[in-house]
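Trainee: Fold the following for me, if possible:
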Amino acid sequence: MLAASFFSLLNPAVEILESSISEAYLVALITSSGFLLGAVLFWFVDKTVPEDYFMRFSPDILDRKDSKKIWIFVLAITVHNFPEGMSSALGFMTGDVGKGIALASGIGIQNMPEGLAVAVALLAKGFSKKRAVLIASISGLVEPVGGVVGLVVFGLSDIVLPVGLAFSAGAMVFVISKEIIPETHRRGFEIEATTGLIIGFVLMMFLDLTFG
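Mentor: Predicted coordinates:
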């Protein structure tokens, strides 16, 4: 997720803006604003939505706190998939079908470990295999929706996609820092968690740079 935030979301946002805006400070301002908006919105959701709200969607074995954590994690993955779908649509709108296919295929390939992360996280919290796979699949199905929306809104403004990408990156980084990293370090497995983070970062970076 951390690698995807940079290589799949922030970096493409900057590249898209740089192709249409010559002023570097405006590129930085728009990207930073989108990033902060995503982080602040998820902080707001975390602070204001009651933990009891998430219990209705969770197994009985989960307490309120764990239920809220897992669903905010799933929401962050789902939100980040939406602008990736828009990005795929942009690839086809360039007029180069080969580029569109390559971009869509790359995004699809690097989505596989993300879907796996969702399913594994849900299984670890007591969800059934069937339900975990279903939720992970739904989180990925927002990408075609994002593609359709992208086809509609690209003609209105070139700013929509990069802001959406930066927004998703902010949301992801917030969830990683607040929920995932503290959870992995909670029971004395700091070295193992750090090793997993580094290996996962390198793997996702490789996938993003190779196929994205």
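Trainee: Taking the centroid of the chain, which residue is nearest it?
Mentor: His80 (2.9 Å; C-alpha atoms, centre = their mean).
Trainee: And the closest residue to it other than its chain neighbours, how close does it get to Ser5?
Mentor: Nearest residue to His80, sequence neighbours excluded (C-beta to C-beta, 6 or more residues apart in numbering): Ser168, at 4.0 Å. Any C-beta I mention is one placed from the backbone N, CA and C, and that applies to glycine too. Relative to Ser5, Ser168 is positioned 8 Å away (criterion: C-beta to C-beta, to the nearest Å).
Trainee: before we move on, what about Val175?
Mentor: To Ser5, Val175 is 10 Å away according to C-beta to C-beta.
Trainee: again with Val148
Mentor: To Ser5, Val148 is 24 Å away according to C-beta to C-beta.
Trainee: Quick check on these two: which one has the bigger neighbour count.
Mentor: Ranked by neighbour count (other C-beta atoms under 10 Å), Val148 and Ser5 place Ser5 first, with 26 against 12.
Trainee: I'd assumed Phe167 was in contact with that one.
Mentor: No: because the distance of 11.2 Å does not satisfy C-beta atoms under 8 Å, Ser5 is recorded as not touching Phe167.
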